[in-house]
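In: Below are the sequence and a predicted model; questions follow.
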Amino acid sequence: MTESSTHGGRRRHRLTTFGTLALAGPANDIVLGDHGHHRRRLALLAVLAAAGERGTSRDRLLPLFWPEATQSKARHSLDQLLYALRGSVDESVFAGVNPLRLNPDVIESDVGAFRVAIERGDLEAAAATYRGPFLDGFYLSDAPEFERWVEDERFRLAGFHADALERLARTATADGRHEKAARWWKALTEVEPLSSRSAAGLIRALVATEDHAAALQFAKRYEAMLALELGASIDPVIATLVSQVRAGARGAVEPRREMSVRAERRDEAASGDVATLPDAAAQDGAERTGRWRRPRRLVSLAAASLILTVAAAGLLRARAGASTAHTARGSARNVAAYELYLRGSDPAALRSDSAARIGLEQLEQAVALDDHYAAAFAGLALMELRVPGDSLVSHRTRLARAEQAALRAVALDDSLADAHAALSFVRSYNLDLTSAESEMRRAVELDPTNARMREWLAQLHVTTGQPALALAEARRALELDPLSPTAVAEVAHTLLANDHCDEALAKLALLRSLRPPLLRAGTIAAQCYARKGMWPEAIAEARQSASVGGARGRSLLGWVLGRAGHVAEARSVLTSLVVDASRVDDGAFDVAVVYAGLGDNDKAFTWLDRAMDERSLLPMHHFGLIRGLASDARFEHVRDRMRIARR
């Protein structure tokens with residue numbers, strides 16, 4: 001907003017965090033700039049702006065800014081800093097005492113506007129608000145914890161920005177608005193300059209606008225950049241596109257509206273989103289160009305992961321365990337398919353929608369190269385379930401594809417544990433929990449040292465009302481893989497199911513530094529705090545989940561707000577979820593969860609029925625959110641439809 005921005009008739013200060021960090025007054029004059037004693041004041045404002053309504057506790061601020069000071073001295077320094085800000089900005093600049101929040105009547109921020117735009121799905125507004133890397137070039141030399149926080153926040157926000165640009169570009173392409181699509185793809189190539197997926201998107205869009213010269217010019221610059229930055233040659237997909245453009249073969253480079261969506265995705269997946277890296281030096285070059293090293297050369301979370309994939313492939317093989325690696329190699333007949341399987345099966349791909357979509361594309365390409373690769377079909381089934389439904393591919397379509405892939409995996413190799421695990425997931429989404437448990441037990445029998453499968457069995461035991469058995473399986477998984485973040489989270493989940501919330505929270509504390517975050521950790525923590533009646537902490541965890549977890553995260557937030565008595569805000573979240581549910585066919589469960597939090601059982605059960613009809617009822621970590629409905633006689637109907645055996 002500009003100088004005329006008002007709230008309740010009062011003009012506000014404007015904090016800019018994207019690019020140069022500065023605070024402008026109501027008259028657009030610089031109140032705090034990037035120099036001298038202003039730096040720490042600005043840094044504190046930036047931390048609070050990024051935290052939004054949930055705020056930041058004083059205890060969290062102390063190590064960020066005064067890591068070497070005693071606690072009493074650090075508290076005194078914080079009090080002085082707050083006093084200085086009240087004097088230089090406005091006496092009422094802060095809302096609340098602990099946690100501290102910015103008063104929206106006094107200060108607005110671009111990062112706050114960006115977050116709100118992302119949450120409400122206004123991607124164009126989000127793209128317009130993001131003017132550059134978060135706190136670009138800003139630092140505090142004596143605050144290493146603050147520097148790490150800035151890196152993490154910069155990485156997270158850049159990922160949201162890149163994802164928004166890609167979604168805008170793909171939507172415009174699908175709608176036949178090719179000039180607009182070209183603008184969005186161009187913007188994406190500026191923040192993901194090494195991404196072959198973005199490059200291919202721009203070339204296709206430029207060809208669709210009949211600007212062949214611009215397409216060839218961009219391809220030439222892209223090839224030169226790869227050679228300079230990575231010492232790598234141009235991706236085969238890009239080379240093919242360029243050849244087609246030069247030959248005037250328009251039919252092979254048609255816009256997305258005229259071509260198969262899945263065919264385009266296979267082309268992009270084949271590239272792995274990075275150029276072929278010829279040697280270790282090129283791999284080191286890829287790491288140097290990562291978002292966290294070169295803030296002006298930002299890539300999305302998914303693209304950053306893929307740039308490092310070649311370097312990480314060996315690590316993935318080692319961590320997969322001898323049994324899993326042997327199974328994957330034993331059923332693969334194609335080296336490229338095996339490599340794509342490793343990439344697409346990276347557990348980190350499960351932590352965000354964008355990374356999951358990349359994983360899905362790679363697994364699709366793996367089975368296209370080797371249609372007898374049972375492990376790849378099993379991985380494909382799991383990733384189809386992870387990627388949410390959208391306007392292009394519905395949730396039910398993804399579920400049908402997942403079932404087909406899982407059955408194909410079992411048919412190809414009935415002795416493959418991964419195949420039975422994938423079929424178990426399909427059965428659970430199809431509301432056959434008894435069969436799902438049976439298939440997962442079979443998977444564990446076939447591969448008893450596989451920690452992930454024991455985690456999944458533990459999740460099923462929680463959902464089917466066997467918490468003690470679930471805890472035993474989760475602890476066995478952690479014994480098998482003591483450093484696994486998902487195993488730690490599953491122990492916490494099963495401790496929650498057994499009403500051992502303090503132990504669960506202690507386990508979750510081990511996962512705080514994970515980047516990208518493990519989404520289920522926030523869900524479990526919020527439920528623990530809610531069960532203990534610690535509502536501020538529960539709300540803070542839920543807000544964090546809502547900021548990164550899409551509709552599922554917002555449903556958690558609505559549930560917590562409803563349980564905490566913040567009815568108006570909970571209903572605001574509910575309204576947005578109802579709107580989403582009218583657009584896609586996998587949002588009913590999220591609506592039911594919020595109604596459960598509000599104590600409106602009638603509507604909760606109505607939406608649960610709809611969720612079961614559309615197969616969007618999500619067991620596992622979110623199933624506990626409807627636990628409060630179990631005392632209602634109507635819950636037996638839910639148990640019956642989910643085919644949960646009576647215990």
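Out: Good, I have the coordinates. The model shown is predicted, which means the values in this text are computed figures rather than measured ones.

In: any idea how far residue 202 is from the residue located most distally from the centre of the chain?
Out: Distance from the C-alpha centroid of the chain peaks at residue 247, with 40.1 Å (C-alpha atoms, centre = their mean). Distance, residue 247 to residue 202, using C-beta to C-beta, to the nearest Å: 19 Å. Where you see a C-beta, it was placed from the backbone N, CA and C, and this is true even at glycine.

In: Equivalent analysis for residue 534, please.
Out: Distance from residue 534 to residue 202, by C-beta to C-beta: 49 Å.

In: domain ranges for this structure?
Out: Following automatic domain parsing, one gets these domains for the chain: 6-142, 160-307, 309-426, 525-647.

In: For residue 516, which of these is the nearest?
Out: domain 309-426 (4.7 Å; C-beta to C-beta).

In: avg pLDDT for the closest one?
Out: On average, the pLDDT along domain 309-426 is 74.

In: Stretch 434-443 too?
Out: The model assigns stretch 434-443 a mean pLDDT of 90.

In: which residues sit against it?
Out: 417-418, 420-421, 423-425, 427-428, 450, 453, 456-457, 460-461, 464, 643-645 (C-beta atoms under 8 Å, 6 or more residues apart in numbering).

In: Quick check on those residues: which are buried?
Out: 417-418, 420-421, 423-425, 427-428, 450, 453, 456-457, 460-461, 464, 644 (16 or more other C-beta atoms under 10 Å).

In: still on that earlier bit, so of the contacts of stretch 434-443, which ones are in helices?
Out: Counting by DSSP state H, those place 417-418, 420-421, 423-425, 427-428, 453, 456-457, 460-461 in helices.

In: what's the most distant pair in those residues?
Out: So, the ones in helices among the contacts of stretch 434-443 by C-beta to C-beta: farthest apart are 418 and 461, at 19.9 Å.

In: Go ahead and measure how far stretch 174-188 is from the middle of the chain.
Out: Offset of stretch 174-188 from its chain centre (C-alpha atoms, centre = their mean, to the nearest Å): 24 Å.

In: What residues does residue 48 make contact with?
Out: By C-beta under 8 Å, 6+ apart, the contact set of residue 48 is 55-56, 94, 100-102.

In: So how do I select the buried members of those in PyMOL?
Out: A single PyMOL command selects the buried members of those (16+ other C-beta under 10 Å):
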select buried, resi 55+56+94+100+101+102
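
In: Ends of stretch 45-56, what's the gap?
Out: Stretch 45-56 has an end-to-end distance of 11 Å (C-alpha to C-alpha, to the nearest Å).

In: Can you list the buried residues in that stretch?
Out: Across stretch 45-56, burial judged by 16+ other C-beta under 10 Å covers 45-56.

In: Report the separation between residue 437 and residue 19.
Out: As judged by C-beta to C-beta, residue 437 and residue 19 stand 53 Å apart.

In: Counting neighbours, go ahead and name the busier of these two.
Out: Set residue 437 next to residue 19 and count neighbours by other C-beta atoms under 10 Å: residue 437 wins out with 21 against 16.

In: element containing that one?
Out: helix 433-446 (DSSP states H and E).

In: and if you look at residue 607?
Out: helix 601-614.

In: Counting neighbours, what do you get for residue 582?
Out: Residue 582 has 9 neighbouring residues, counting by other C-beta under 10 Å.

In: Kindly format the C-alpha coordinates of the helix holding residue 607 as CSV.
Out: Taking C-alpha atoms only, helix 601-614 is exported to CSV below (Å, rounded to 0.1, in the frame of the first residue of the first chain):
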residue,chain,number,x,y,z
ASN,A,601,-21.9,-32.3,15.4
ASP,A,602,-24.9,-32.3,13.0
LYS,A,603,-23.0,-30.4,10.3
ALA,A,604,-19.8,-32.3,11.1
PHE,A,605,-21.5,-35.6,10.4
THR,A,606,-23.1,-34.2,7.3
TRP,A,607,-19.8,-33.2,5.9
LEU,A,608,-18.2,-36.5,7.1
ASP,A,609,-20.7,-38.4,5.0
ARG,A,610,-19.8,-36.2,2.0
ALA,A,611,-16.1,-36.8,2.7
MET,A,612,-16.6,-40.6,2.7
ASP,A,613,-18.6,-40.3,-0.5
GLU,A,614,-15.9,-38.4,-2.3
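
In: counting contacts, what elements does that helix pack onto?
Out: helix 588-598, helix 635-641 (3 or more C-beta pairs under 8 Å, 6 or more residues apart in numbering; DSSP states H and E).

In: same thing but at 6 Å, please
Out: helix 588-598 (3 or more C-beta pairs under 6 Å, 6 or more residues apart in numbering; DSSP states H and E).

In: Distance from the chain centre to the helix it packs on, please.
Out: That offset, for helix 588-598, works out to 21 Å (C-alpha atoms, centre = their mean).

In: Tell me where the protein has strands.
Out: Using DSSP state E, the strands of the chain run over residues 6-7, 10-11, 13-16, 22-24, 30-32, 94-95, 101-102, 107-109.

In: now residue 185: how far from residue 158?
Out: 17 Å.

In: Same list as before, the ones in helices among the contacts of stretch 434-443 that is, but in JSON lines and with distance to residue 443 included.
Out: Below are the ones in helices among the contacts of stretch 434-443 laid out as JSON lines (distance: C-beta to C-beta, whole Å):
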{"residue": "417", "distance to residue 443": "4"}
{"residue": "418", "distance to residue 443": "7"}
{"residue": "420", "distance to residue 443": "4"}
{"residue": "421", "distance to residue 443": "4"}
{"residue": "423", "distance to residue 443": "9"}
{"residue": "424", "distance to residue 443": "7"}
{"residue": "425", "distance to residue 443": "10"}
{"residue": "427", "distance to residue 443": "12"}
{"residue": "428", "distance to residue 443": "13"}
{"residue": "453", "distance to residue 443": "5"}
{"residue": "456", "distance to residue 443": "8"}
{"residue": "457", "distance to residue 443": "8"}
{"residue": "460", "distance to residue 443": "11"}
{"residue": "461", "distance to residue 443": "14"}
